[in-house]
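1. model this:
(chains A and B)
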Amino acid sequence: EPEVTQTPSHQVTQMGQEVILRCVPISNHLYFYWYRQILGQKVEFLVSFYNNEISEKSEIFDDQFSVERPDGSNFTLKIRSTKLEDSAMYFCASSSGQGSYNEQFFGPGTRLTVL
Amino acid sequence: SQQGEEDPQALSIQEGENATMNCSYKTSINNLQWYRQNSGRGLVHLILIRSNEREKHSGRLRVTLDTSKKSSSLLITASRAADTASYFCATDGGANNLFFGTGTRLTVIP
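-> Numbers count the residues shown, from 1 in each chain, chains lettered A, B, ... in the order given. Presented below is the predicted three-dimensional model:
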């Protein structure tokens, strides 16, 4: 069964550093998403991406964040100048149709720890 | 905020019993989804119910939706130890995003 994969599973970084979280969505999906979950809190939407551009983003997704689909398979989230409060699980998801009308398939997540 | 709120926050039952989790939300929706999350893992989609549907079944799962009360419930029948997980409802925040609730932590005791 096709699945969304994410690398790395755990990323430790120093405050102020840049990190890139990688995702490989399901191959025939067209919509891609990033969510985050701070430990013990709810899953929060960050951004959705369709047709090579951001379709929606939340207030959390400020200039510190960027997304890219550098090739036909990868979908990345870049966090510049990381802060302690960026420590969280980051989930990538993909769907075949618009995300709120269709099942979103989630990856296993990347645990980001900012020291 | 459209975010759903589940209750109870935690539920502990014996294997074989039924588990019911509730979700309330604040604004009108097009559909509502339920997801499961095993500890430290990603979310797994369980079921999607559209705003014009009142009830939906999938295996041992039964979901109801009452748009007049802005609430939904997830019933898991004949629970198993493997059902132990957190369960989240999610409402459409826009065309392409979901608002997740706070979740119900279900523990099924063998």
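
2. residue boundaries of the strands in chain B?
-> B:5-7, B:10-14, B:19-24, B:31-37, B:43-50, B:55-58, B:61-66, B:71-76, B:85-92, B:98-100, B:104-109 (DSSP state E).

3. Now do the buried residues in the third one.
-> So that's strand B:19-24. Under the neighbour-count criterion of 16 or more other Cβ atoms under 10 Å in any protein chain shown, strand B:19-24 has B:19, B:21, B:22, B:23 buried. No exception for glycine: its C-beta is placed from N, CA and C like everyone else's.

4. Who is the spatially most central residue of chain A paired with across the strands?
-> With distances taken as Cα atoms, centre = their mean, residue A:34 lies nearest the centre of chain A, 3.0 Å away. With DSSP bridges as the criterion, residue A:34 is bridged to residue A:47, residue A:92.

5. dump the residue contacts of it.
-> Residues in contact with residue A:34 (Cβ atoms under 8 Å, 6 or more residues apart in numbering or on different chains) are A:21, A:23, A:46, A:47, A:67, A:77, A:90, A:91, A:92, A:93.

6. of all of chain B, which residue lies closest to chain A?
-> Closest residue of chain B to chain A, Cβ to the nearest Cβ: residue B:92 (3.1 Å).

7. Show the model's pLDDT score for that residue.
-> At residue B:92, the model reports a pLDDT of 82.

8. Ignoring the adjacent residues along the chain, who's closest to it?
-> residue A:100 (3.1 Å; Cβ to Cβ, 6 or more residues apart in numbering or on different chains).

9. Isn't that neighbour up against residue B:50?
-> No: applying Cβ atoms under 8 Å, one finds residue A:100 not in contact with residue B:50, separated by 10.9 Å.

10. returning to that earlier point: turn the buried residues of strand B:19-24 into CSV, including distance to chain A and pLDDT.
-> As requested, the buried residues of strand B:19-24 are exported to CSV (distance: Cβ to the nearest Cβ, whole Å; pLDDT from 0 to 100):
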residue, distance to chain A, pLDDT
B:19, 20, 97
B:21, 15, 96
B:22, 16, 95
B:23, 12, 94
